[in-house]
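Participant: sequence plus the predicted model coming up.
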Amino acid sequence: MAMISSLSEQATRARCLEGTARAIMRKGIAATTVQDILAAAGLSRRTFYLHFHSKEDALRALFEILTDATLEAIRAATTADDPVDRALQAADKYLALWQADAKLSLLLQTEAMRTGSALAPARRRLLDALCSDGVTNYERATGHRIDPLIFRALALCLEGLLSHLHEASDVTYARIRAVFESIARSTLTVERDPPRPDPKGRDS
């Protein structure tokens, strides 16, 4: 019975989070109230407060689930050895996830970037993990050291471009991808040592 009770609690919590997502997509984060979440989830106030302390608490839980799922999906999608190819695989997966829930993604990311936001720690953890993965894989594949800030800059670049997507009519997912690829190739391509000239003048 304890397991059944646990599953029921998980299902109720999931309904709260789904209601939170629907409510903020309808009214925006600032305007959404707990009552809006209850109406969207079809749950009572008492049930909501058994799982969350506030709207902000529910938002934080929702964002943490989404960032954890994003990191897992990106890690599963990045299989290439070449650092540039791997970065592009990560970008492609991130873009696909964003497109699947563009409005929700924009709302949550914008809130997470706000100073003092309860969502900021989860955003930082995602960025830290992506940078750490990038550095580890780059150095293993190339044998070269790299400044971790390069991978953070790439992640922030993609994040910023996606935010700009909703502000400018001439920005598309394809254009964002092309710009990201150009930057990734400029920063991650390893220059191979040129062949040493033959001291006797023969072609190598």
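Facilitator: Happy to help now that I have it.
Participant: which residue packs closest to residue 13, ignoring adjacent ones?
Facilitator: residue 51 (4.9 Å; C-beta to C-beta, 6 or more residues apart in numbering). All C-beta atoms are positioned from the backbone trio N, CA, C, and that covers glycine.
Participant: the helix or strand where residue 178 lies: which residues count as buried?
Facilitator: Applying DSSP states H and E as the criterion places residue 178 in helix 173-188. Counting neighbours by 16 or more other C-beta atoms under 10 Å, one finds that the buried residues in helix 173-188 are 176, 177, 180, 183, 184, 187, 188.
Participant: and what of stretch 154-172?
Facilitator: 154, 155, 157, 158, 159, 161, 162, 165.
Participant: can you list those in JSON lines and add distance to residue 130?
Facilitator: Shown next, in JSON lines, are the buried residues of stretch 154-172 (distance: C-beta to C-beta, whole Å):
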{"residue": "154", "distance to residue 130": "9"}
{"residue": "155", "distance to residue 130": "5"}
{"residue": "157", "distance to residue 130": "12"}
{"residue": "158", "distance to residue 130": "10"}
{"residue": "159", "distance to residue 130": "10"}
{"residue": "161", "distance to residue 130": "15"}
{"residue": "162", "distance to residue 130": "14"}
{"residue": "165", "distance to residue 130": "20"}
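Participant: out of these, which sit inside helices?
Facilitator: 154, 155, 157, 158, 159, 161, 162, 165 (DSSP state H).
Participant: where does the residue found closest to the fifth one once you drop the neighbours it is linked to in the chain fall, helix, sheet strand or coil?
Facilitator: Okay, so that is residue 159. Spatial nearest neighbour of residue 159, chain neighbours left out: residue 109 (6.6 Å); criterion: C-beta to C-beta, 6+ apart. Using DSSP: H, G, I helix; E, B strand; the rest coil, the structure places residue 109 in helix.
Participant: rewinding a little: show residues contacting the helix holding residue 178.
Facilitator: 83-84, 87-88, 91-92, 95, 99, 138, 146, 150, 153-154, 157-158, 161-162, 165 (C-beta atoms under 8 Å, 6 or more residues apart in numbering).
Participant: mean confidence for it?
Facilitator: Averaging pLDDT along helix 173-188 yields 96.
Participant: next one: stretch 172-183 to chain centre, how far?
Facilitator: Taking C-alpha atoms, centre = their mean, to the nearest Å, one finds stretch 172-183 lying 16 Å from the centre of the chain it belongs to.
Participant: and stretch 89-98, by the same measure?
Facilitator: 8 Å.
Participant: and the contacts of it?
Facilitator: So stretch 89-98 is contacted by 70, 73-74, 77-80, 105, 130, 134, 158, 162, 173, 176-177, 180-181, 184 (C-beta under 8 Å, 6+ apart).
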